[in-house]
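Participant: Give me a 3D structure for the following:
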Amino acid sequence: MKSFWDNFVNVATGRWAISLPSAATCLPFCYFFALERENALESGSFGTQIMIVSAGQLMSLLYLFIAQGILLPSRKDRKQSLILCLFVWFSAGFVAGLVSELYAHLVLNTESHLATRLSNSAATTGLCLALVAYWFGNLHKIRIEKEALGFLEEFLVEDFSKLNEDQRVTREVAIESLQETLLPRVLQLQKLTSGLQQNTSSDSLAVELHELDIRAQELLQSVKSNVSSISNSTSFPENFPREKISPVKLMSGLFPRNLSVGTSFILLTLGAMIAQGSRNGLVGVLVGILSSVIITALLFILSKFGKRINALQTSWFNSMAFTAVVCVQYIYAMIVQNELANPYQPWYSAFKTFCGVYLASLISTIAMEQGKFVEKLGSESAIRRAEAERVSSSHERIQQLTSTTIFGAIQGQISGVIMALNVLTDSRGITSSKGDFSKFIRDANSLIEDAISEIQRVGIKVNSR
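Facilitator: Purely as a prediction, here's the structure:
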């Protein structure tokens, strides 16, 4: 409930607190309820009732135009005070009721009903403006979120294109560095170890040289493996496969796709309180609220049943549901509402209930479908951001591989081994006879192992991305 209230304050007190579309949307409902009120008050002929209602509604619109300019001038830029918005909404209804009363009593000389006209008009107009502000504001919020996600999508696509180009260049540099710098040294190292094994006469030295030859072969394989993995590393695809998001579908046949339970209860209850209050007083309000509870319970049962048989949002099921609503309300009006002092005709009561549920379901469908659309866009953007992070990380690892620090360390280790082997070899490629170099070769083995570990460490980081 708190989240709903916070959302209401955020979206209803800004740009759409008062607007031409919201006022135009409210006008038919306010006019309709005002005509019902005048009919219940028996203000005269139908033409007289239209004049009384028209006078009040026209002055209410004029008041709204003046009030929004004076009291809510900055609503397009920032949120307004909720108290101020409530004052404007309900005072517009108060003005409509007051003008209707003055016109009816002073100009048309009909009986005065000041309290009824003021309370009915203030409640109708105030609640209608508040609800319309909420729904228009909510749709505006969803539209802004959708536009923001669209801009993010465009930014990510452009960023991916730059990442691909940078990674292509970096990959070429890394492969060139491995092939032209490390690979010749590794081949030189392998050639030296093979030659030394053939010319040595010391058994202990031969063992160490054999180990060194194995390490040299492992080093060669590591370098070739890294060249292959970098060559085959994937970039972010230029045409990333996007999930096709179908346009928002609001209707299922002639009816809204979603049967609204909560919104229907709110609209039906408010309508019953306003309409029955001016016709039958407190008893009429209680009868109207009971009708709202029954219709809401019916909608709840139908929604659960439709979900169980997997028929929700289908044309035939929605047709059946609205038919059931009309039938139940018609029977209720015949049995219960006919006992009131000034009851509605059963067909008219059923028609009003149908309109209330239809409108509530349409509003709920718009909000739900737009919300799902934004959620899908957000999910797709999250996938793109994750893929961008993967490509960026791989790009950084390849850059690290080509950096002078890493290549300098690996080349230094290999060069140290080559220098050690050159000590054992004279200018003719014959093994020198200088003592026992077993420990010397073991140190060279250690350097080779460090070089292999360094290459494999970087290779694992590149491949893991």
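Participant: for the stretch 251-400 of the chain, what spans make up the strands?
Facilitator: 251-252, 255-256 (DSSP state E, counting those that start in this stretch).
Participant: Going by mean pLDDT, which of the ones you listed comes out lowest?
Facilitator: Lowest mean pLDDT within the strands of the stretch 251-400 of the chain: strand 251-252, at a mean of 64.
Participant: Would you mind finding the longest helix in this protein?
Facilitator: helix 114-177 (DSSP state H).
Participant: Does anything pack onto that one? Which helices or strands?
Facilitator: Contact analysis of helix 114-177 by 3 or more CB pairs under 8 Å, 6 or more residues apart in numbering; DSSP states H and E lists helix 2-12, helix 20-41, helix 46-71, helix 82-102, helix 203-232, helix 262-308, helix 346-402 as its packing neighbours. Just so you know, the C-beta spots here come from the backbone N, C-alpha and C atoms, and that holds for glycine as well.
Participant: which of these sits most buried?
Facilitator: Of all those, helix 82-102 has the most neighbours on average by mean count of other CB atoms under 10 Å, namely a mean of 21.
Participant: what angle do that one and helix 46-71 make?
Facilitator: Following axes from the mean of the first three to the mean of the last three CA atoms, to 10 degrees, one obtains 150 degrees for the angle between helix 82-102 and helix 46-71.
Participant: separation between residue 331 and residue 273?
Facilitator: Distance, residue 331 to residue 273, by CB to CB, to the nearest Å: 22 Å.
Participant: rewinding a little: residue 317: which of the helices and strands packed on helix 114-177 is closest?
Facilitator: helix 262-308 (5.2 Å; CB to CB).
Participant: what is the mean pLDDT for the closest one?
Facilitator: Average pLDDT, helix 262-308: 86.
Participant: cool, stretch 315-323 as well?
Facilitator: 86.
Participant: Now that stretch: buried residues?
Facilitator: By 16 or more other CB atoms under 10 Å, the buried positions in stretch 315-323 come out as 317, 318, 321, 322.
Participant: can I get the residues you listed in a markdown table with distance to residue 58?
Facilitator: Below are the buried residues of stretch 315-323 laid out as a markdown table (distance: CB to CB, whole Å):
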| residue | distance to residue 58 |
| --- | --- |
| 317 | 43 |
| 318 | 38 |
| 321 | 39 |
| 322 | 35 |
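Participant: re earlier: dump the helices and strands packed on helix 114-177 into CSV; add distance to residue 121 as well.
Facilitator: Shown next, in CSV, are those (distance: least, CB to CB, whole Å):
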stretch, distance to residue 121
helix 2-12, 21
helix 20-41, 6
helix 46-71, 7
helix 82-102, 3
helix 203-232, 75
helix 262-308, 9
helix 346-402, 18
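Participant: Of all those, which one is nearest residue 141?
Facilitator: Once those are compared by CB to CB, helix 2-12 is nearest, at 5.2 Å.
Participant: what is the orientation angle of the closest one with helix 82-102?
Facilitator: Angle of helix 2-12 versus helix 82-102, following the same axes, to 10 degrees, is 70 degrees.
Participant: which helices and strands does helix 2-12 pack with?
Facilitator: helix 114-177.
Participant: Helix 2-12 and the helix it packs on, what's the angle between them?
Facilitator: Orientation of helix 114-177 against helix 2-12 (the same axes, to 10 degrees) gives an angle of 90 degrees.
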